[in-house]
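[1] Model the structure of this input:
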Amino acid sequence: MAISVVIADDQEMVRTGFRMILESQPDIEVLADVVDGEAALAAVAEHHPDVLLLDIRMPGLDGLEVTRRLSGSDRPRIVIVTTFDLDEYVHAALHGGASGFLLKDASPAMLVEAVRAAAVGDSLVSPAITVRLLREMAPKTPASRARRPSEPLTERERDVVRCLARGMTNAEIAGELYVSLSTVKTHLANVQAKLDARNRVEIAAWAWESGLAATTA
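    Alright, predicted model coming up:
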């Protein structure tokens, strides 16, 4: 089954470029491209895409509000693609439920990777802002105020989360810890359940908020 995508951006050239990049992939199908937030919501209701590529600054309803309105549903997964990497935008988008955040100067390969990652419930954030973002997402409050997991994390789960908080991919985590890729995915699924987190970005944010990311194994 192809990954279905809707693109929402007020610039025709951007929409056309994204469509060309994604439709060149045999496993991705673009169902629609639209010019603003209201049209994005309508396209999601009509087409039920797996992934919504969403700009932040659009006339009328902006991308952050669209993300907020769709945050309660499992589909579509939202990937923000924008010119602006302002921390407040990134923070609002990811805490609002977005599965990824890319800058428009990201490579075509990264755009495709972000769509594929989002479709399977994973996430991708531009490497240029990942670690800076996660550090900035940590509030200026005591670590004791971070959410508490329903069960304590095992030591191996803590190791995986530390790597995740440094912006590492699953494959990089597997290499770092000398475990299989499936083992990494299992640990992350367990952590996600314990934290009631929507995606790996929330897990990484929790690692910074709780102080775990700043500790060594």
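[2] residue boundaries of the helices in the chain?
    Counting by DSSP state H, the chain has these helices, from start to end: 12-23, 37-47, 63-70, 87-95, 108-119, 130-137, 155-165, 170-177, 181-195, 200-210.
[3] Report the mean per-residue pLDDT for the third one.
    This points to helix 63-70. What helix 63-70 shows for mean pLDDT is 90.
[4] contact partners of stretch 58-66?
    Residues outside stretch 58-66 that contact it (C-beta atoms under 8 Å, 6 or more residues apart in numbering): 8-10, 35-38, 40-41, 52, 54-57, 78, 80, 82, 89, 92-93, 96. C-beta: built from backbone N, CA, C; applies to glycine.
[5] Would you mind naming the residues that bridge with the residue lying closest to residue 53 once chain neighbours are set aside?
    Distances taken as C-beta to C-beta, 6 or more residues apart in numbering put residue 7 closest to residue 53, at 4.7 Å, once the chain neighbours are dropped. Using DSSP bridges, the bridge partners assigned to residue 7 are residue 33, residue 53.
[6] thinking again about what came up before, worst average pLDDT in the helices of the chain?
    helix 130-137 (a mean of 60).
[7] quick revisit: just send the helices of the chain back as a markdown table, with distance to residue 3 and mean neighbour count too.
    Below are the helices of the chain laid out as a markdown table (distance: least, C-beta to C-beta, whole Å; neighbours: other C-beta atoms under 10 Å):
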| stretch | distance to residue 3 | mean neighbour count |
| --- | --- | --- |
| helix 12-23 | 9 | 15 |
| helix 37-47 | 13 | 18 |
| helix 63-70 | 17 | 21 |
| helix 87-95 | 20 | 19 |
| helix 108-119 | 4 | 20 |
| helix 130-137 | 23 | 18 |
| helix 155-165 | 23 | 20 |
| helix 170-177 | 18 | 17 |
| helix 181-195 | 19 | 17 |
| helix 200-210 | 18 | 24 |
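[8] want to throw these into a markdown table with distance to residue 1?
    Output for the helices of the chain, formatted as a markdown table (distance: least, C-beta to C-beta, whole Å):
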| stretch | distance to residue 1 |
| --- | --- |
| helix 12-23 | 15 |
| helix 37-47 | 14 |
| helix 63-70 | 21 |
| helix 87-95 | 27 |
| helix 108-119 | 10 |
| helix 130-137 | 30 |
| helix 155-165 | 28 |
| helix 170-177 | 22 |
| helix 181-195 | 20 |
| helix 200-210 | 23 |
